[in-house]
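J.: need a 3D model of the sequence below.
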Amino acid sequence: MTQNLEEFDIHIASDGRWFHQGGEIKRPAIIKLFASVLSRDENGRYWLTTPVEKGEVTVEDAPFIITGLNSIHDVGEENPRLEMVDNVDRDFILGSGHPIFFEKDEKQGQTPYLRLNDGLTAKITRPVYYQLMDMVTHNSKGEMGVWSADEFIVLHT
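T.: Reported below is the predicted structural model:
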């Protein structure tokens, strides 16, 4: 099967809302479907890719937003697993596979992001970031961070 390169006219706003031809996509099932086939290439361009079509998507900031943080305590584990939930109801366990990183914003502040799969990222909302900051501790090296699934995640800007 050959992929056709298409003009999708899809735009993802910095607040995580998706638009098609200027109109907001309101159906969560459609957004979840599009999210499942979204990727980012080595040049930083975003693509929706199916077996028959491929089209570029415009992204203002990060394509996803982290809207929830769950602390999951399993029997026998000393530290909880920190589960980050995005705006399309996917969860990612904070750790080396899904680390937090910071980028300077236009106000010279630091904006936190979570690295996802396929080169994608999610901006961490302020309430989730504050919830995470309530869990901050220091390790034996004096580094500031959080524990997730018995892995110490250093939080630095």
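J.: could you dump stretch 121-133 to PDB, C-alpha only?
T.: Extracted C-alpha coordinates of stretch 121-133, given in PDB (Å, rounded to 0.1, in the frame of the first residue of the first chain):
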ATOM      1  CA  THR A 121       5.800  15.600  24.600                       C
ATOM      2  CA  ALA A 122       3.100  16.800  27.000                       C
ATOM      3  CA  LYS A 123       3.100  20.000  28.900                       C
ATOM      4  CA  ILE A 124       2.500  19.500  32.600                       C
ATOM      5  CA  THR A 125      -0.300  21.700  34.000                       C
ATOM      6  CA  ARG A 126       0.400  24.000  36.900                       C
ATOM      7  CA  PRO A 127      -1.900  22.000  39.400                       C
ATOM      8  CA  VAL A 128      -0.100  18.700  38.500                       C
ATOM      9  CA  TYR A 129       3.300  20.400  38.800                       C
ATOM     10  CA  TYR A 130       2.400  21.700  42.300                       C
ATOM     11  CA  GLN A 131       1.100  18.300  43.300                       C
ATOM     12  CA  LEU A 132       4.500  16.900  42.100                       C
ATOM     13  CA  MET A 133       6.400  19.500  44.000                       C
END
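J.: other residues contacting it?
T.: With contact meaning Cβ atoms under 8 Å, 6 or more residues apart in numbering, stretch 121-133 is reached by 14, 16, 61-69, 82, 84, 86-87, 92, 100, 111-116, 146, 155. Glycine gets a C-beta too; all of them are placed from N, C-alpha and C.
J.: so what's the gap between it and the chain middle?
T.: 10 Å (Cα atoms, centre = their mean, to the nearest Å).
J.: what mean pLDDT does it have?
T.: Average pLDDT, stretch 121-133: 95.
J.: returning to that earlier point: please check the contacts of stretch 121-133 and keep the buried ones.
T.: By neighbour count, with 16 or more other Cβ atoms under 10 Å, those hold 16, 61-67, 69, 82, 84, 86-87, 92, 100, 111-114, 116, 146, 155 as buried.
J.: re the thing from before, show me the contacts of stretch 121-133 that map onto strands.
T.: Among those, the ones falling in strands (DSSP state E) are 64-69, 82, 84, 86, 92, 100, 111-115, 146.
J.: hey, what's the nearest residue to residue 46 once chain neighbours are set aside bridged with?
T.: Distances taken as Cβ to Cβ, 6 or more residues apart in numbering put residue 57 closest to residue 46, at 4.4 Å, once the chain neighbours are dropped. Residue 57 has these beta-bridge partners by DSSP bridges: residue 10, residue 46.
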